[in-house]
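Visitor: Give me coordinates for this.
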Amino acid sequence: MVTHLTSDTFKEKVFNYEANKEWKFEGTRPAMVDFYADWCGPCKMVAPILEELAKEYDGKIDIYKVDTEDQRELSSVFGIQSIPSMLFIPLDGQPQMAAGALPKDTFKKVFKDVLKVE
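Guide: Residues are numbered from 1 along each chain as shown. Below you'll find the model as predicted:
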């Protein structure tokens with residue numbers, strides 16, 4: 001299931017940007033964060049794809065959503081300029097950002113190549 005995050009739950013599950021200057025992932029498995037807004041057309045197109053992927057990759061990847069309208073602090077910390085923006089977080093190494101609505105095949109490819117999950 002896709003989990004919605006606030007800045008507090010983001011700091012617990014993904015990255016405590018107040019305590020750490022350098023990237024330090026707090027999660028126990030690879031993750032993806034979708035920065036979105038309710039009024040965004042492409043975001044609405046991506047939402048059902050993320051729900052499907054959350055079911056397919058259950059237990060392998062954590063999929064999170066951050067409402068950029070509600071969580072402005074998080075949006076500014078990550079410099080979100082356009083939505084949807086996706087943050088792909090491998091267990092080891094630096095996270096990667098992608099902007100725009102991606103098709104399901106592209107998500108699967110990124111999960112394999114960046115997150116090392118099939």
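Visitor: From now on I want contacts and neighbour counts done on CA atoms only, so please keep to that.
Guide: Noted.
Visitor: got a list of what residue 46 touches?
Guide: By CA atoms under 8 Å, 6 or more residues apart in numbering, the contact list for residue 46 reads 101-103.
Visitor: rerun at 7 Å
Guide: residue 101 (CA atoms under 7 Å, 6 or more residues apart in numbering).
Visitor: Name the SS class of it, please.
Guide: Under DSSP: H, G, I helix; E, B strand; the rest coil, residue 46 falls in the helix class.
Visitor: how close does it sit to residue 89?
Guide: 18 Å (CA to CA, to the nearest Å).
Visitor: From residue 117, how far out is residue 109?
Guide: 9 Å.
Visitor: does the residue nearest the centre of the chain sit in a helix or strand, and which one?
Guide: Compute the mean C-alpha point of the chain, and by CA atoms, centre = their mean the closest residue is residue 33, 0.8 Å away. Element membership for residue 33, per DSSP states H and E: strand 31-36.
Visitor: likewise residue 98?
Guide: strand 96-99.
Visitor: swap in residue 51?
Guide: Going by DSSP H and E, residue 51 is in helix 41-56.
Visitor: Check residue 65 too.
Guide: Here residue 65 is assigned to strand 62-67, by DSSP H and E.
Visitor: Kindly format the C-alpha coordinates of that strand as PDB.
Guide: What follows is the C-alpha trace of strand 62-67 in PDB, where atoms were taken according to Å, rounded to 0.1, in the frame of the first residue of the first chain:
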ATOM      1  CA  ASP A  62       8.300   1.100   0.300                       C
ATOM      2  CA  ILE A  63       6.300   3.500  -1.800                       C
ATOM      3  CA  TYR A  64       5.500   6.900  -0.200                       C
ATOM      4  CA  LYS A  65       3.600  10.000  -1.300                       C
ATOM      5  CA  VAL A  66       4.200  13.600  -0.200                       C
ATOM      6  CA  ASP A  67       1.500  16.200  -0.800                       C
END
